[in-house]
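1. Sharing a sequence plus its predicted fold:
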Amino acid sequence: MADDNRSEGAAAAPGQSVRMVKCVKLGRELPGLDRIPWKGELGKRIYDHVSKEAWTMWVSHSTMILNEYRLNPLDPNAQKVMEQQMEQFFFGEGAKAPEGYVAPKH
């Protein structure tokens with residue numbers, strides 16, 4: 001679901017320029033994703049308007065959602081929930097933690 005194993009923070013290969021985007025989440029020009037991270041129109045919007053840095057934030061948030069709601073990433077209904085959460089996280093009012101969620105202490 002959330003693919004974070006791509007070149008986070010890696011420099012572009014020689015002769016290639018880094019693709020920059022105006023990140024909707026962080027509000028500034030930052031390196032964009034290397035590929036479309038999700039299927040459909042939402043994936044394209046994320047690719048066009050979300051930075052690698054913001055995507056990394058989503059990966060952490062999505063892990064919490066999957067765990068707290070005990071979602072199976074292969075279940076189509078769980079994928080719909082994640083898509084709605086992703087839409088809110090990047091393009092809505094921001095994603096909220098599940099009711100009753102207590103962040104782990106470090």
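-> Right, received. Where do you want to start?
2. from memory residue 31 sits against residue 52, does it?
-> Yes - the pair residue 31 / residue 52 is scored as a contact, 5.3 Å apart, by C-beta atoms under 8 Å. In this view, the C-beta of every residue, glycine as well, is placed from N, C-alpha and C.
3. With neighbour numbers in mind, choose between these two.
-> Each of residue 31 and residue 52 has its neighbours counted (other C-beta atoms under 10 Å); residue 52 has more, 22 against 19.
4. would you list every one of the helices in the chain?
-> With DSSP state H, the ranges of helices along the chain come out as 40-49, 52-68, 76-91.
5. got the buried residues for the last one?
-> By 16 or more other C-beta atoms under 10 Å, the buried positions in helix 76-91 come out as 78, 79, 82, 83, 85, 86, 89, 90.
6. so how far is residue 79 from the fifth one?
-> Pointing back at residue 85 there. 11 Å (C-beta to C-beta, to the nearest Å).
7. Between these two, which contacts overlap?
-> Residues touching both residue 85 and residue 79 by C-beta atoms under 8 Å, 6 or more residues apart in numbering: none at all.
8. one step back: please identify which of the helices of the chain is closest to residue 17.
-> helix 52-68 (14.6 Å; C-beta to C-beta).
9. Now do the buried residues in the closest one.
-> Result for helix 52-68 [16+ other C-beta under 10 Å]: buried residues 52, 54, 55, 57, 58, 59, 61, 62, 65, 66.
10. Give the burial count for the spatially closest residue to the last one that is not a sequence neighbour, as a bare number.
-> Computed as C-beta to C-beta, 6 or more residues apart in numbering, the closest residue to residue 66 that is not its neighbour in sequence is residue 73, at 6.5 Å. Residues contacting residue 73 under the criterion other C-beta under 10 Å number 11.
11. thinking again about what came up before, which one of the buried residues of helix 76-91 sits closest to residue 19?
-> For the buried residues of helix 76-91, the nearest to residue 19 is residue 90 (17.2 Å; C-beta to C-beta).
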